[in-house]
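Asks: When you get a sec, could you give me coordinates for this:
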Amino acid sequence: LVILFNICAKSRLHRQFAKRYVQFHRNSVQMKEKLNELFEYNYHFNKKWIEFLTENFQEVPEKSLELINHLMNAQQIWNARIENETEFGVWQINDWNNISDINYENYTKTLKKNSKKSLENVIEYQNSKGQKFTNKIEDVLFHIINHSTYHRAQIATDIKNCGIEPINTDYIFYKRKIEE
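Replies: Okay, here's the model as predicted:
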């Protein structure tokens, strides 16, 4: 009876473990899909801002150009930290003729990391001040999206303060457009 009880208990534990594993895997796949969707949005509006800034280059405040460069640099830096590659400078100013290429490269590299790496993996890195940290890849990828949105809003405010109507980069606006 004790042996039968132990077999049943182990079997139950195995089933519970299997159910949790399947649920974890399903959640991980759903999270990767959502992150891909968010990075498509991120790429789309980075591209739109680059086009907008290029068209209005003479009227655009220097701060807006610094911010779009920082936005590109930050995504490259996080991609590089995940792979232990060389990082851009946080506030480096890139050749404007290369900014669209940097945006596209950031996008494709981030999608590749999202598809090939486990979101639960932890990376160790140093920030620009030399402080050491560890974070899950999932958190780093979400940070890239959040950071980009923050700085695009700063660019919009800067542009509006100069009397130029900024583009609408709201996520829901983007979703409505692509679902039409």
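
Asks: Now do the helix or strand hosting residue 147: distance to the chain's middle.
Replies: Using DSSP states H and E, residue 147 falls within helix 137-161. With Cα atoms, centre = their mean, to the nearest Å as the basis, helix 137-161 stands 10 Å off its chain's centre.

Asks: just for the chain, where's the confidence low?
Replies: The model of the chain has pLDDT under 70 over residues 1-26.

Asks: show me where it has helices.
Replies: Taking DSSP state H as the test, the helices found in the chain are 2-55, 62-83, 99-116, 137-161, 171-179.

Asks: Now do the buried residues in the second one.
Replies: It refers to helix 62-83. Buried residues in helix 62-83, counted by 16 or more other Cβ atoms under 10 Å: 64-79, 81-82. Every residue, glycine included, has its C-beta placed from N, CA and C.

Asks: what's the angle between that helix and helix 137-161?
Replies: 170 degrees (axes from the mean of the first three to the mean of the last three Cα atoms, to 10 degrees).

Asks: who does helix 62-83 touch, helix- and strand-wise?
Replies: helix 2-55, helix 99-116, strand 122-126, helix 137-161 (3 or more Cβ pairs under 8 Å, 6 or more residues apart in numbering; DSSP states H and E).
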